[in-house]
Structures are given as C-alpha cells and as structure tokens.
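Student: Have a look at this prediction, sequence included:
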Amino acid sequence: MIQLVRGFKDILPPESSVWQYIENTAKQHFENFGFKEMRPPVLEQTELFKRSIGEHTDIVEKEMYTFAGSKDTMLTLRPEATASVVRAYIQHKLYAADPVCKFYTIGPMFRKERPQKGRYRQFHQINAEVFGVDSPYIDAQLVFMLMRFFERLSIGGLSAHLNSLGCPACRPAFRKDLAEMLAGHSDKLCEDCVRRLDKNPMRVLDCKVPSCREVVADAPSMLDYLCEDCALHFKAVQQILDKLEIAYEIDPGLVRGLDYYTRTAFEIQTEELGAQNAVAGGGRYDNLVEMLGGPAQPAIGFAVGVDRLVELVSAKFPAYDSGPQVFILPMGDQAMEMGAQFACLLADAGVITEADFSGRSLKALMRRADRMGAENVLIIGEQEISDNAALLRNMKTRHQQSIPMDRLVETIRAEFDG
Ligand code: HAM
C-alpha cells in the first residue's frame, strides 16, 4: 500500500474543523486590523529564497525542496511566505496604489527538516505583512494583534519574546565582536556552529546544543550595540506595548532563522509543546523590498505556525463532528427517489442534510443516525407516501411531526431558521 511521505500528514475530519475554526478566526481578526488576503503560489524561483532568507541559513543550505524547471531555472516549494509576498508586492507595484499595504496569507510551507512532534515537512502558516510603515507603532500593533488572536482562541500560557537585531549601521560591530568571542571558544561549539562562525555567527546564539548554550551565556548582547535610531525605535515599541498592557520579555538571544530581519524581532512561545515551542515568529525587514529590486519601503510581519496552534486548541476543545440536521431515511424504491430529491433540495436550502440509500431496515438506519449524531430523521416509507407527508422525528426529544411533502422544504427550513 502506498503510504504518506514522511514528514507530511493528512488533515482529516473531525480535526479539520479545528483548522477551519482557527483560519476563520484569523481572517476575521486580521481583517479588523485592515489586512487583506493575498494568495501567492507555492512554487517560486529558487533565487527568490536564496536572496531573501539568506544563502547561509539552515533553510536555504539544507531544507528546501528544489528541482529543475524549464530553461535552466531552479524552482523551490516555498519554505516560507514572506519572500513571495514581497515578490508579488514589487512585481504588481502594489505600493503605487497606496503607500501602506497590509496582507495576510494562509497556506502550506515546505521545509526538509528532521520530522518530530510539532515539526513537519509540510506545515501551515498564517502570515501577516505590513509595507510602508517605519513607525514603531506598527511593531507594537502587530504583537498586540497576535496576542489578542491567541486570546480569541482561548489559548493561555503564551509569552511574547522581543529583541532588536539592529540595522546595517550598528549590526556589523556586534557581529564582529560576537564572532571574535565565539572563535575563542570554538573547541566547545558543535560542528554546525563552527561552520556558522564565519558566515552567520548570530545563528550560534540560537543553537540548542548544551555546550553551545554555555558559550553563548557570556556572549555580547546586540542591545548594547544599537545605534541611537534603533535604540529609540525599540524603546518606543516597548512603551506602546506597556500602554496596551501586553506583557513581553526582552530576549537578547532571540535571533530568528532568516537573514532578512532588522530591528524588532519577536516570537510567541508556549511551554505546552515541548522542544518546538514557538507558535509564531516575525519581525521587521526594512531592507528586503529594496534588496529584491523594489522601492525602499520598510516592512514588518509575522507567521503563526498553524499545526502547533491546532495542537494547543485541540487540547482545550477536542474536535468533534457535528451530525446532520436532517437525516433522510427512505424505505422502498418510490421513497428512495423522493428522498434523493429532498436530500438535494434541503441541502440547497441551507439545511445540513444526509440521506441513506442502502435500503437497510429502519432499525439499522436509526442506529446509524444515532451514531452520526443526527438531530432529526426524516422517515419516508409506504405509509408516508400514501399520506403524501413525511415524518420528521427529533432524535433527542423524540417529538414527531408529519410534514406535507409539497411544503416540506419550506417547513423544515423555517424550523431551523427560527
Ligand atoms: P519562522 O520562525 O521560520 O518564520 O516560522 C514561523 C512559525 O512557523 C514558527 O514559529 C512555527 O510555529 C512554524 N513553523 C516553522 N517551521 C515549522 C515546521 N517545520 N513545522 C511546523 N511548524 C513550523 C517565518 O517563516 C517568517 N517568514 C515569519 C515572518 C513573516 N517574518 C516576517 N514576516
């Protein structure tokens, strides 16, 4: 039997109802904050991710699903959405319509990571991206929006972690001092970190290997290197969050795994998911639009990991399948034909309808109705056909009523509207 690809998964009912609940809540919530949906494709030119995420990140070095396209172009299944949103923003000159653009996207991402709990090779993100605002107010607003989104889903126990990664004016000095300090302890660093020393020393701050964590404990902090503008920006973000009564922790070790970040970076973490504890992450990327060939436009955004969120929500509200409002049980050939018509007409009228055409006994069908959690059964047998009225029976109260066939759809629909 052909099985699922490792690291990929099927999202089946009833769990899919939790996904729908989360996605619908996000749409409504984000639209309240002025975001509009964008749906970029899942496939892009590899170059886009190399140039935005960074050549020396784990994602680009070892996690992308890349293959040859036509005419020498290499194509990659998107490992994240930000690069695609930026590409679309530039390609369609979306900045021309209004200086400020806000988009959200919902969909699958692909990274060839080692699969484990909370880490998949196809996973899903809800992204929000804002272009054209350099004010720290928008940084704070995004963190606020995100924390309120989790509250709407009744998820507690989350903490917001904030850092500033500086800008091209102040980061190089920090990078240099950090690299020098780390090089002095390279014998204690893991193989990956030794490799990172040269190309991307900031990633060492994020390494989970205990000996690397020990070295990093004495590392310099980017916050001590911020230039005046970056320091003022970061201070303002914190002041606004204080006013909005959003709790946060300053975490100088928070570096994020993508190279495009500048200034504010943040992550929302939970203690309930084990090692993969980030349910959302994001930050400013003020230089990316220009780097990819667009106008100089500041930008900021985040992505929520939906798979991890589903785990948290499911632990609180176990997913369930709601049964049909009306389950039609036709007995006999003539009734079958009638049942088939009513099944279509009722569903089309907005009543959640199921029908059973197996021809099994009423007793067997009633058992199935019960198992499915049907609210009502609509029995159409010989007697009902000769009376020209079907029998609607409430499965809970056992109340029964006879409904004339010629007014059946309106009568039942009115019943559920009221
Ligand atoms: P990221 O931190 O790589 O950021 O991913 C964001 C979230 O996606 C993570 O916090 C996590 O919840 C989820 N996630 C990442 N990888 C996996 C995986 N393999 N399995 C399950 N969940 C995963 C970004 O992707 C940036 N594009 C976020 C951003 C948007 N920054 C600015 N705008």
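Tutor: Cool, the structure landed.

Student: mind listing what the residue of the stretch 301-418 of the chain found nearest the ligand touches?
Tutor: Among the residues of the stretch 301-418 of the chain, G305 lies nearest to the ligand; the distance is 2.0 Å by CB to the nearest ligand atom. Where you see a C-beta, it was placed from the backbone N, CA and C, and this is true even at glycine. Contact criterion CB atoms under 8 Å, 6 or more residues apart in numbering gives G118, F123, H124, Q125, A278, V279, A280 as the residues in contact with G305.

Student: Same check on M145?
Tutor: M145 sits next to H29, F30, F33, A128 when contact means CB under 8 Å, 6+ apart.

Student: tell me which element it falls in.
Tutor: helix 136-152 (DSSP states H and E).

Student: before we move on, the earlier item: looking at neighbours, which among the contacts of G305 is most surrounded?
Tutor: Neighbour tally across the contacts of G305 (other CB atoms under 10 Å): the maximum, 27 neighbours, falls on A280.

Student: okay, the residue of the stretch 301-418 of the chain closest to the ligand: pLDDT?
Tutor: You'll see G305 listed with a pLDDT of 98.

Student: what about it, distance to I268?
Tutor: Per CB to CB, to the nearest Å, G305 is found 10 Å from I268.

Student: Give me the common contacts of these two.
Tutor: Between them, G305 and I268 share these contacting residues under CB under 8 Å, 6+ apart: A278, V279, A280.

Student: Phi, psi for the first one please.
Tutor: So the one you mean is A278. phi -90, psi 120 (degrees, to the nearest 10).

Student: could you list every residue that touches it?
Tutor: Here A278 is in contact with E267, I268, Q269, G305, R308 (CB under 8 Å, 6+ apart).

Student: mind redoing it with 10 Å?
Tutor: 118, 161, 254, 256-257, 267-270, 303-305, 308 (CB atoms under 10 Å, 6 or more residues apart in numbering).

Student: Out of those, which is nearest to T105?
Tutor: Among these, A303 lies closest to T105 (CB to CB), at 8.8 Å.

Student: isn't I155 right up against S314?
Tutor: No. Judged on CB atoms under 10 Å, I155 makes no contact with S314 at a distance of 11.1 Å.

Student: With neighbour numbers in mind, choose between these two.
Tutor: Regarding I155 and S314, a neighbour count based on other CB under 10 Å identifies I155 as having more, with 19 against 14.

Student: Tell me the secondary structure at that one.
Tutor: Using DSSP: H, G, I helix; E, B strand; the rest coil, the secondary structure recorded for I155 is coil.

Student: quick one: it from V313, how far?
Tutor: I155 is 7 Å from V313, where distance means CB to CB.

Student: Now tell me which helix or strand of the protein has the poorest mean pLDDT.
Tutor: Every helix and strand in the chain was compared by mean pLDDT, DSSP states H and E; the lowest is helix 191-199, with a mean of 87.

Student: and for it, what are the contacting residues?
Tutor: Applying CB under 10 Å, 6+ apart, the contact partners of helix 191-199 are 54-58, 61, 178-180, 182-183, 185-190, 200-207, 209, 211-212, 215-216.

Student: Which of those residues are buried? Put it as a PyMOL command.
Tutor: The following PyMOL line selects those of the contacts of helix 191-199 that are buried, judged by 16 or more other CB atoms under 10 Å:
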select buried, resi 54+57+58+178+179+182+185+189+190+200+201+202+203+204+205+206+207+209+212+215+216
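
Student: Go back to the contacts of helix 191-199 and keep what's next to the ligand.
Tutor: Contacts with the ligand within the contacts of helix 191-199, counted by CB under 6 Å from any ligand atom: none were found.

Student: circling back to that earlier point, what's opposite the residue of the stretch 301-418 of the chain closest to the ligand in the beta bridge?
Tutor: Listed beta-bridge partners, G305: Q125 (assigned using DSSP bridges).

Student: And for R284?
Tutor: According to DSSP bridges, the residues that bridge with R284 are T262, I300.

Student: which strands and helices sit next to the helix or strand harbouring L312?
Tutor: Assessed by DSSP H and E, L312 sits inside helix 306-316. Of the remaining helices and strands, those touching helix 306-316 by 3 or more CB pairs under 10 Å, 6 or more residues apart in numbering; DSSP states H and E are helix 15-32, strand 101-110, strand 122-131, helix 136-152, strand 262-270, strand 278-284.

Student: how about the residues of this structure near the ligand?
Tutor: In this structure, the chain approaches the ligand at residues 80, 82, 111, 113, 118-120, 123, 125, 127, 129, 257-258, 278-283, 301-303, 305, 307-308, judged by CB under 6 Å from any ligand atom.

Student: Name the residues that touch stretch 335-347?
Tutor: The contact list for stretch 335-347, computed with CB under 10 Å, 6+ apart, reads 324-332, 351-359, 378-382, 384-385, 390, 405, 408-409, 412-413, 416.

Student: Helix or strand for I2, just tell me which one.
Tutor: Residue-wise, I2 maps onto no helix or strand under DSSP H and E.

Student: Would you mind measuring from it to the ligand?
Tutor: As judged by CB to the nearest ligand atom, to the nearest Å, I2 and the ligand stand 23 Å apart.

Student: Tally up the residues packed near that residue, please.
Tutor: 4.

Student: could I get the contacts of G305 as CSV with pLDDT?
Tutor: Compiled in CSV, those are given as follows (pLDDT from 0 to 100):
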residue, pLDDT
G118, 91
F123, 98
H124, 98
Q125, 98
A278, 94
V279, 97
A280, 98
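
Student: Can you pick out the most distant pair from the residues you listed?
Tutor: Across those, the longest distance by CB to CB is 14.4 Å; it joins H124 and A278.

Student: For the residue lying closest to G274 once chain neighbours are set aside, which residues are in contact?
Tutor: With sequence-adjacent residues excluded and distances taken as CB to CB, 6 or more residues apart in numbering, G274 is closest to K117, at 6.1 Å. For K117, the residues meeting the contact criterion (CB under 10 Å, 6+ apart) are L273, G274, A275, Q276, R308, E311.

Student: Can you give me the pLDDT of the third one?
Tutor: The per-residue pLDDT reported for A275 equals 80.

Student: One more: the last one?
Tutor: Model confidence at E311, given as pLDDT, is 93.

Student: In contact with the nearest residue to Q45 once chain neighbours are set aside, which residues?
Tutor: Across the structure, with CB to CB, 6+ apart as the measure, the residue nearest Q45 apart from its sequence neighbours is T73 (5.7 Å). Under the criterion of CB under 10 Å, 6+ apart, the contact list for T73 reads Q45, T46, E47.
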